[in-house]
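[1] need a structure here:
(one chain, ligands or ions: 1)
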Amino acid sequence: MTAPMAHTVGPRSVACRAMRAVQITELTGPDTALALVDLPDPEPSHFMTPGRGVVVDVRAAGVSFPEVLQTRGLYQLKHDLPFVPGSEVAGIVRSAPEGAAVRPGDRVAAFCVLGGFAEVAVAPEHMTFALPDGFDFAQGAALILNYHTAYFALAQRGRLREGETVLVHGAAGGVGTASLQVAKGLGARTIAVVSSDEKERVAREAGADEVVRSDGDWKDAAKAWSGGGVDVVLDPVGGDRFTDSLRSLAEGGRLIVVGFTGGAIPEVRVNRLLLNNTEVIGAGWGSFVMSKPQASIEIGAEVDRLARAGFIRPIVGARFPLERTAEALNLIDGRGALGKVVLEP
Ligand SMILES: NC(=O)c1ccc[n+]([C@@H]2O[C@H](COP(=O)([O-])OP(=O)(O)OC[C@H]3O[C@@H](n4cnc5c(N)ncnc54)[C@H](OP(=O)(O)O)[C@@H]3O)[C@@H](O)[C@H]2O)c1
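    I've put the predicted structure just below:
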């Protein structure tokens with residue numbers, strides 16, 4: 001990462017405060033795409049809610065797969081260069097619009113979409129949530145993207161019911177650990193698919209009832225363990241395990257498509273769905289809630305309820321300062337992330 005600053009805005013002062021931030025300046029991958037810069041503090045306005053926005057003094061910023069893709073220009077949403085990546089943060093509210101549910105001084109988790117890899121970020125009100133008691137800021141930075149996605153995918157899209165069985169791929173990763181915890185909170189039995197001993201330990205810490213290896217006969221193990229087939233598969237990985245995921249479903253089972261960390265986007269031979277009365281369901285949390293403030297608030301309330309009941313405790317596997325953002329991205333890129341990776345500005 002380029003340091004010191006790629007451009008500066010002069011000394012910090014109350015009149016014209018500056019913050020440190022990480023920008024993506026070119027699309028050449030984590031090692032060379034980033035620059036640590038000084039920028040003016042952001043205005044209290046978010047592009048989704050022009051003229052209104054919650055300004056947060058960032059204590060921790062979540063790092064996720066989309067930011068890896070952004071350093072290569074491969075993410076589905078493109079932005080003009082340079083820009084500050086970082087979709088979610090936790091910190092202390094510096095200012096909030098009149099009528100907002102949060103106030104200056106509150107500890108919050110906030111989904112800012114962009115701009116999170118910085119000392120100050122701005123989020124829409126409907127994507128800013130009080131941090132549950134007992135959560136540190138790193139856990140707060142792990143709360144929204146993964147847990148809101150897990151709740152949306154399992155409860156709302158996948159119609160998961162108490163007593164059902166859920167198989168989670170990539171179960172030691174960010175979405176995976178969140179999905180295991182949310183599934184337990186919804187009363188399901190959980191089986192985790194992981195690729196190493198260390199990841200097995202993390203999946204068990206996240207509450208997996210059973211753990212199987214992605215390089216072993218996980219399909220038959222899952223069918224045997226569940227008594228004939230699982231009710232729901234949550235899949236953030238995709239690739240060549242997709243067909244076996246369909247085969248591992250019980251009659252009436254649902255396979256929820258969440259992401260493609262495995263690289264390849266699978267294709268479905270739909271006769272498989274007909275034969276066993278199964279479904280493939282897409283779950284795109286971001287595109288669903290962005291334009292629906294009430295949906296975001298409702299999911300936030302359910303996630304908060306599960307956190308207060310003790311089911312949700314984000315597992316933070318690695319913490320880096322802003323200067324080491326490239327290392328954080330490479331950890332995810334190299335399949336090494338355990339739970340959530342965060343930056344601590
Ligand atoms: N649909 C939505 O609304 C939504 C929301 C959030 C995230 N996502 C997507 O969900 C996916 C997972 O995100 P995450 O934050 O959980 O990522 P993560 O923490 O890096 O975990 C991903 C897991 O995927 C598995 N994996 C298998 N093949 C891989 C490969 N070639 N490279 C890297 N990982 C591989 C790894 O588990 P094993 O090593 O155990 O196989 C890894 O732990 C991403 O594609 C992300 O964009 C979607």
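[2] How many neighbouring residues does Phe311 have?
    Around Phe311 there are 18 other residues, counting by other Cβ atoms under 10 Å. Where C-beta positions appear, they are placed from N, C-alpha and C, glycine not excepted.
[3] er, Val268 I mean
    Counted with other Cβ under 10 Å, residues neighbouring Val268 total 13.
[4] One more: Ala33?
    25.
[5] I'd guessed it sits against Thr25; true?
    Yes - the criterion here is Cβ atoms under 8 Å, and Ala33 meets it with Thr25 at 6.6 Å.
[6] Pull the contacting residues for the residue of the chain found nearest the ligand.
    Across the chain, the shortest distance to the ligand (Cβ to the nearest ligand atom) belongs to Gly173, at 2.1 Å. Contacts for Gly173 (Cβ atoms under 8 Å, 6 or more residues apart in numbering) come out as Pro236, Thr261, Ala337, Leu338, Gly339.
[7] again, only this time at 6 Å
    Taking Cβ atoms under 6 Å, 6 or more residues apart in numbering as the criterion, Gly173 is in contact with Ala337.
[8] Same question for Val182.
    With Cβ under 6 Å, 6+ apart, Val182 has these contacts: Ala150, Tyr151, Leu154.
[9] which of those residues has the most neighbours?
    Ala150 (33 neighbours).
[10] Give me the distance between that one and Ile256.
    10 Å (Cβ to Cβ, to the nearest Å).
[11] With pLDDT and distance to Phe320 as added columns, please give the contacts of Val182 in JSON lines.
    Compiled in JSON lines, the contacts of Val182 are given as follows (pLDDT from 0 to 100; distance: Cβ to Cβ, whole Å):
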{"residue": "Ala150", "pLDDT": "98", "distance to Phe320": "24"}
{"residue": "Tyr151", "pLDDT": "98", "distance to Phe320": "27"}
{"residue": "Leu154", "pLDDT": "98", "distance to Phe320": "30"}
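[12] Val54 is in contact with Ser45, correct?
    No - with contacts counted by Cβ atoms under 6 Å, Ser45 stays clear of Val54, the gap being 10.4 Å.
[13] So these two - more neighbours on which side?
    Val54 (29 against 15).
[14] The more buried one: what's it in contact with?
    Contacts for Val54 (Cβ under 6 Å, 6+ apart) come out as Ala96, Ala123, Glu125, Thr128.
[15] Which pLDDT value goes with it?
    Looking at Val54, its pLDDT is 98.
[16] Could you give the bridge partners of it?
    Here Val54 sits in beta bridges with Ala123, going by DSSP bridges.
[17] For the stretch 1-150 of the chain, which segments are assigned as strands?
    Listed in chain order, the strands found in the stretch 1-150 of the chain under DSSP state E, counting those that start in this stretch are 18-24, 34-40, 54-63, 88-95, 107-111, 120-123, 128-130.
[18] Show me the strands in the stretch 201-345 of the chain, by range?
    210-213, 230-235, 249-257, 279-282, 316-320, 340-343.
[19] Gly310 - how many residues pack around it?
    For Gly310, the neighbour count with other Cβ under 10 Å is 10.
[20] where's it relative to Ser248, distance?
    Distance, Gly310 to Ser248, by Cβ to Cβ: 30 Å.
[21] and if you look at Lys223?
    According to Cβ to Cβ, Lys223 and Ser248 sit 6 Å apart.
[22] neighbour-wise, which of these two wins?
    Taking neighbours as other Cβ under 10 Å, Lys223 and Ser248 compare with Ser248 leading, 23 against 18.
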